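Student: I need the structure of the sequence given here:
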Amino acid sequence: MIEFIISLVIAGVCGWIAGMLMNTSFPWYINVIIGIVGGALFSWLAGSFLISGIIGNIIGGVIGSCLVIFIIKLIKK
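Tutor: As a prediction, the model looks like this:
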């Protein structure tokens, strides 16, 4: 259970950082969703062998979240 909560916190941080980098104004719960989807997308695309540890997970989550935000911006146009 605690691992799940930590994962949500990391996803929220990743989504928040990606939102700052991509200049968006999503609410916090959308950032958590984007962070979860972005982290899963990055680990699926890059594989878990490229990232390790909490810092690697945060970097991968931010990269994946930025990709998700980019796709969302493309769809909104």
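
Student: C-alpha from now on. contacts and neighbour counts both.
Tutor: Noted.

Student: burial check on Phe4, number of neighbours?
Tutor: By other CA atoms under 10 Å, 9 other residues sit near Phe4.

Student: for the lengthiest helix in the chain, which outside residues touch it?
Tutor: Ordering each helix of the chain by length in residues (DSSP state H) puts helix 53-76 first. With contacts defined as CA atoms under 8 Å, 6 or more residues apart in numbering, helix 53-76 is touched by 10-11, 13-15, 17-19, 21-22, 34-43, 51.

Student: switch to 6 Å and redo it
Tutor: The contact list for helix 53-76 (CA atoms under 6 Å, 6 or more residues apart in numbering) reads Cys14, Gly15, Ala18, Ile34, Gly35, Gly38, Gly39, Leu41, Phe42.

Student: tilt between whichever strand or helix holds Gly15 and helix 53-76?
Tutor: Taking DSSP states H and E as the criterion, Gly15 maps to helix 2-21. Angle of helix 2-21 versus helix 53-76, following axes from the mean of the first three to the mean of the last three CA atoms, to 10 degrees, is 50 degrees.
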